[in-house]
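>>> here is the input, now give the coordinates:
(2 chains)
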Amino acid sequence: TQLLEQSPQFLSIQEGENLTVYCNSSSVFSSLQWYRQEPGEGPVLLVTVVTGGEVKKLKRLTFQFGDARKDSSLHITAAQPGDTGLYLCAGAHNYGQNFVFGPGTRLSVLP
Amino acid sequence: EAGVAQSPRYKIIEKRQSVAFWCNPISGHATLYWYQQILGQGPKLLIQFQNNGVVDDSQLPKDRFSAERLKGVDSTLKIQPAKLEDSAVYLCASSFLVELNEQYFGPGTRLTVT
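Numbers count the residues shown, from 1 in each chain, chains lettered A, B, ... in the order given. Sure thing, here's the model as predicted:
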C-alpha cells in the first residue's frame, strides 16, 4: 500500500502571505491529484498532474510534480481567507487505478 | 448540473445499533465510490461500483459493512452493528469514466457512534 505524507500538518498565515505545502511518498505515481476540502463539504478536485516535472497553474495556485514522480508541491501566492481549508493530495500507481489520499494540510488564512 | 446528493447529513447512534447512508450520484456517472474519512485523516476508499457491479471492496470491513447499488444509480451503505471506531464522515463520490479519475464528492454524512 502506497503511503503519502503531507507537510506541514497545520499552517496558519496572514492574508497576503505566500505558502507552500508538500506531498511526499517513497513510491512512484502515474498521476497525482490535489483537492481542497472545506468544513462540512466533500473534497473538490483542483488539479491532476501526470508528467514528471510538470507545472500547472490555477490562478494563484501553482502545482508541481516532482521529476521522479514521487512528490508534489502546491504553492499559493498572496493567500486569501477563501483559501482556508484542508488540502489533500492523492496518488495512483497505475493509470485507471484508484487514488490513495494523504492526511492533508489544514490551512487557515487570517484576514 | 446537480451534484452528488447524500443523506442524512448527520447521524448519532449508540454502539451496536445499525445505520444506513444513501447516495445519489451525478446523472450519467457510471462509477460510484464510498469513502470513510476519520477526523484528521484523508478519505479511505471503502468500495467502488461500476454501474451495479463491485469493482473494489478490498478495504470494506465485510463483517459489519455492506453496500449495494441495485439499479446502477443510487447506492446505500450500511453498518451493522456499529462500533465506536466507525465514527467518521462517510463520503460518496461519482465519476463519468473511471479512467479519467475525475471524482465529484458529495457533502458527506457525519456519523457519531456513542
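
>>> for chain A, what lies in contact range of chain B?
Residues of chain A found near chain B (C-beta under 8 Å from any C-beta of the partner chain) are A:4, A:31, A:33, A:40-45, A:48, A:88, A:90, A:92, A:95-96, A:98-104. C-beta: built from backbone N, CA, C; applies to glycine.

>>> write the PyMOL selection for whichever of those residues are buried.
To isolate in PyMOL the members of the residues of chain A next to chain B that are buried, counting by 16 or more other C-beta atoms under 10 Å in any protein chain shown, one can use:
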select buried, chain A and resi 4+31+33+42+43+45+48+88+90+92+98+99+100+101+102+103+104
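
>>> wait, isn't B:Y10 in contact with B:T109?
Yes - because the distance of 7.1 Å satisfies C-beta atoms under 8 Å, B:Y10 is recorded as touching B:T109.

>>> the more surrounded of the two?
When B:Y10 is set against B:T109 and neighbours are counted by other C-beta atoms under 10 Å in any protein chain shown, the residue ahead is B:T109, at 22 against 12.

>>> all strands of chain B, in order?
B:5-7, B:10-13, B:19-24, B:31-37, B:44-50, B:53-56, B:65-68, B:75-79, B:88-95, B:104-105, B:109-113 (DSSP state E).

>>> out of the ones you listed, nearest to chain A?
Closest to chain A of these is strand B:104-105 (C-beta to the nearest C-beta; 2.8 Å).

>>> now do that closest one: everything it contacts.
In this structure, residues lying in contact with strand B:104-105 by C-beta atoms under 8 Å, 6 or more residues apart in numbering or on different chains are A:41-45, B:3-4, B:26, B:29, B:91-95.

>>> mind checking the SS state of A:E41?
Classification of A:E41 into helix, strand or coil gives coil, according to DSSP: H, G, I helix; E, B strand; the rest coil.

>>> which ones are touching it?
Contact partners of A:E41, counting by C-beta under 8 Å, 6+ apart, are B:F105, B:P107, B:G108.

>>> pull out the buried members of the residues you listed.
Taking 16+ other C-beta under 10 Å as the criterion, what is buried in the contacts of A:E41 is B:F105, B:P107, B:G108.

>>> for the first one, name its beta-bridge partners.
Applying DSSP bridges to B:F105 gives these bridge partners: B:A93.

>>> ok, it to A:Y87 distance?
In this structure, B:F105 and A:Y87 are 15 Å apart, going by C-beta to C-beta, to the nearest Å.

>>> the second one now?
With distances taken as C-beta to C-beta, B:P107 is found 18 Å from A:Y87.

>>> so for A:Q14, what's the nearest residue that isn't a sequence neighbour?
Closest residue to A:Q14 in three dimensions, ignoring its sequence neighbours and counting by C-beta to C-beta, 6 or more residues apart in numbering or on different chains: A:L110, at 5.4 Å.

>>> B:D56 too?
Leaving out its chain neighbours, the residue that sits closest to B:D56 by C-beta to C-beta, 6+ apart is B:Q48, at 4.4 Å.
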